[in-house]
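Q: Sequence first, predicted coordinates after that:
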Amino acid sequence: MVRTPIVKEGFRYIFILAFITVVVALTVHPYWSIIPGVLLAFITFFFRNPNRKVPDDNVLVLSPADGKVMSVCEFYDDEFLNEIGTKVTIFLSVLDVHVNRSPIAGEIKYQQYTCGRFRPAYKESAGCENERHSIGLENEILRVLVIQIAGILARRIVSWVTLGSVLQQGQRYGMIKFGSCTEVIMPKAVEILVKKGDKVKGGETVIGRLP
């Protein structure tokens with residue numbers, strides 16, 4: 001599990017910008033080092049990896065990402081569930097934490113990486129056209145599909161798990177670099193507890209519950 005306050009995927013950017021900031025300050029003028037210094041602060045902020053108070057209840061479905069709920073709709077999933085379910089779509093701005101967390105405890109029974117376009121993640125078509133990474137999680141009582149979707153700035157989806165991995169509820173399992181979108185598809189039996197416009201936190205906000 002990734003526990004560092006900054007995820008390792010950000011280290012390269014942080015070191016490069018820190019180096020540039022110091023070089024500019026020493027060789028040009030400290031005033032001009034403000035520009036790379038601001039970029040350094042933003043990149044460090046973007047790759048933050050905060051701890052969360054994860055609820056411990058296997059009837060709950062947690063948000064897999066920080067961000068804003070873009071839509072809640074009925075959806076037929078032919079990737080993993082193979083039934084009509086409910087899809088919750090969450091948009092992540094560049095200011096949101098971009099680490100993804102498992103919405104339920106369970107084993108990864110399905111994994112698919114799909115190449116695609118890099119349209120803005122807030123567009124409705126992004127979910128079927130953009131590059132994405134899907135995992136299907138299953139436990140004794142529930143199956144869900146989670147999809148990380150790249151956006152116009154996000155050029156790489158990061159996964160720290162593989163097929164057969166067993167995840168705890170709220171466990172970090174990957175991230176998407178810069179603005180992006182995450183979808184979670186649940187069976188119809190799950191009562192949905194969020195609506196369009198709600199702000200959610202990955203691994204902390206309860207978005208669904210089995211009756």
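A: It's in. Predicted, not measured: the structure shown is a model, and the values here were computed from it.

Q: The longest helix along the chain packs against which elements?
A: For the chain, the longest helix by residue count, based on DSSP state H, is helix 11-27. The helices and strands touching helix 11-27, judged by 3 or more Cβ pairs under 8 Å, 6 or more residues apart in numbering; DSSP states H and E, are helix 34-46. Placement of C-beta: from N, CA and C, glycine included.

Q: show me where pLDDT drops low in the protein?
A: Low-confidence segments of the chain (pLDDT under 70): 1-2, 116-129, 151-155, 179.

Q: repeat that with 90
A: Scanning the chain for pLDDT under 90 picks out 1-10, 30, 56, 93-94, 113-132, 149-159, 175-181, 211.

Q: Which secondary structure element is home to the most centrally placed residue in it?
A: The centroid of the chain falls nearest to N100 when counting by Cα atoms, centre = their mean (3.5 Å). Using DSSP states H and E, N100 maps to strand 99-101.

Q: what comes into contact with that strand?
A: 2, 7, 49, 52, 54, 62-65, 146, 148, 170-176, 182, 202-203 (Cβ atoms under 8 Å, 6 or more residues apart in numbering).

Q: Mind checking which of those are buried?
A: Buried members of these, scored by 16 or more other Cβ atoms under 10 Å, are 2, 7, 49, 52, 54, 62-65, 146, 148, 170-176, 182, 202-203.

Q: Show me where the protein has its strands.
A: Per DSSP state E, the chain carries strands over the ranges 60-62, 67-77, 83-92, 99-101, 106-114, 132-138, 143-150, 157-159, 166-167, 172-176, 180-187, 191-192, 199-200, 206-209.

Q: Let me have those in JSON lines, extended by distance to A41.
A: Output for the strands of the chain, formatted as JSON lines (distance: least, Cβ to Cβ, whole Å):
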{"stretch": "strand 60-62", "distance to A41": "30"}
{"stretch": "strand 67-77", "distance to A41": "21"}
{"stretch": "strand 83-92", "distance to A41": "19"}
{"stretch": "strand 99-101", "distance to A41": "19"}
{"stretch": "strand 106-114", "distance to A41": "32"}
{"stretch": "strand 132-138", "distance to A41": "29"}
{"stretch": "strand 143-150", "distance to A41": "25"}
{"stretch": "strand 157-159", "distance to A41": "22"}
{"stretch": "strand 166-167", "distance to A41": "32"}
{"stretch": "strand 172-176", "distance to A41": "19"}
{"stretch": "strand 180-187", "distance to A41": "21"}
{"stretch": "strand 191-192", "distance to A41": "37"}
{"stretch": "strand 199-200", "distance to A41": "23"}
{"stretch": "strand 206-209", "distance to A41": "31"}
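
Q: Many thanks, have a good one.
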